[in-house]
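>>> Here is my input, please return the structure:
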Amino acid sequence: MDQRFIELLSDLEVEFAEVSEALSDPDIGNDPERLADLGRRHSHISGVLEMWSRHQQATVDRKDALELAASDSDLGDELMAIASEREQEIERLEVELRKALAPRDDNDDRDVLIEIRAAAGGDEAAIWAGDLARMYGRFAEREGFKTELMVVSESDAGGYTKVTLAVKGRGAYSKLKFESGVHRVQRVPKTESQGRIHTSTATAAVLPEVESIDVDLDPNDVRVDVFRSSGPGGQSVNTTDSAVRLTHEPTGLVVTCQDEKSQLQNKEKAFRILRARLYQAEMDRRQAELAGTRRSMVGSGDRSEKIRTYNYKENRVTDHRIELTLYKLDSVLDGDLEVLINPLTEAEITRALDEV
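Down below sits the predicted model:
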């Protein structure tokens, strides 16, 4: 552990003493909210310091084993094996301590909405958007998360021009938050008769799903329009006014839902999406104040703005943010996203700790 971590852990020891003292105050029971906050903080710090204690003990054990091995040839192999075990434990605990010390994203435990849109590439982009939706669905299944199709706009050529997928499960946002951006695919489309590789893109925006209490949404600010649902090509698929369009007049945000037969169900889904978008907009505003510039989630969808490239011919996937290339595109598309999520999470932890 470098000096930066030692200093952070020393600060935690001081804070732990302060929190413990506050919890011992006889009057703390008169403030249930503060009592709950202090209790959670006490539990968190206690866990971190317990890991640090185990790390220190493993370091001492490893040092002792190496010193004894050097002076006792009869037990040398056994002691070297013990030293190796302690080294592995030290490395594992350092990974856990890094995660515990990094500032936590308040949205990590939330459910998410993933909005996927076809971008550059015409029909092939829509097909690619459908492939991405299936990839996230398979990943959710692997993780034990539940999924729900919220909004679907199918393309005549297959796939989607737009699709919104809800993923529900504790920690869904922490797993999927790095998927926001432009996803570029390089492959031979099924409609390509001469076998030429085409490059197409789809964008993904990952939004934490929030409850009504998390967003200051005044119903009087929302214009609700109802109309008849229609499918690809404009043909009528409903003879009642079940489709719903919400317009948030202060911001101009528009959400349309027409996939359910019930107007009430469409309205409920539309409000869920609107709340998530408003919450994301507020997070972006706060981030802009802190960083001095507003981060855009997906940009224009241009091929040059990609966060990740999927190359079918080489079975290759490259995440350009961390310059990671893997030759296992087939398993990634089958939902094995952990091979990308874990390095991205580690990179985010490093960045957050550097800022601390």
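>>> In terms of pLDDT, where does the spatially most central residue of the chain sit?
In the chain, the centroid-proximal residue (C-alpha atoms, centre = their mean) is Lys177; its distance is 2.1 Å. Note on Lys177: pLDDT of 92.
>>> So which residues of this protein form helices?
3-23, 32-71, 76-101, 123-143, 172-176, 263-291, 329-333, 338-355 (DSSP state H).
>>> what ranges of this structure fall below the confidence cut-off?
Residue ranges of the chain with pLDDT under 70: 1, 193, 211-215, 230-240, 286-305, 356.
>>> So which other helices or strands are in contact with the lengthiest strand in it?
Scanning the chain for the strand with the most residues, using DSSP state E, yields strand 198-208. Packing contacts for strand 198-208, counted by 3 or more C-beta pairs under 8 Å, 6 or more residues apart in numbering; DSSP states H and E, involve strand 112-118, helix 123-143, helix 172-176, strand 181-187, helix 263-291. Backbone N, C-alpha and C define where each C-beta goes, glycine included.
>>> Highest mean neighbour count out of these?
strand 112-118 (a mean of 25; mean count of other C-beta atoms under 10 Å).
>>> name the helices or strands packed onto that one?
For strand 112-118, the elements it packs on are helix 123-143, strand 160-168, helix 172-176, strand 198-208, helix 263-291, judged by 3+ C-beta pairs under 8 Å, 6+ apart.
>>> Quick check: can you name the pairing partners of it and their directions?
Partners of strand 112-118 in the sheet, by DSSP bridges, are strand 160-168 (antiparallel), strand 198-208 (antiparallel).
>>> List the residues that contact the residue nearest to Asp108 when sequence neighbours are not counted.
Excluding its sequence neighbours, the residue lying closest to Asp108 (C-beta to C-beta, 6 or more residues apart in numbering) is Ser174, at 3.7 Å. By C-beta atoms under 8 Å, 6 or more residues apart in numbering, the contact set of Ser174 is Asp105, Asp108, Asp109, Thr345.
>>> Buried subset of those, written for PyMOL?
Buried residues within these, by 16 or more other C-beta atoms under 10 Å, are selected in PyMOL with:
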select buried, resi 345
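>>> Redo the contacts of Ser174 as TSV? Include distance to Arg40.
As requested, these are arranged in TSV below (distance: C-beta to C-beta, whole Å):
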residue	distance to Arg40
Asp105	16
Asp108	15
Asp109	13
Thr345	22
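>>> which among the contacts of Ser174 gets closest to Pro250?
Distances from Pro250 to the contacts of Ser174, taken as C-beta to C-beta, are shortest for Asp105 (26.7 Å).
>>> before we move on, the earlier item: tell me which residues touch the nearest residue to the residue nearest to the centre of the chain once chain neighbours are set aside, please.
Sequence neighbours aside, Val206 is the residue nearest to Lys177 in space, at 5.4 Å (criterion: C-beta to C-beta, 6+ apart). The contact partners of Val206, taken as C-beta under 8 Å, 6+ apart, are Val112, Leu113, Ile114, Tyr173, Leu176, Lys177, Glu179, Ser180, Met297.
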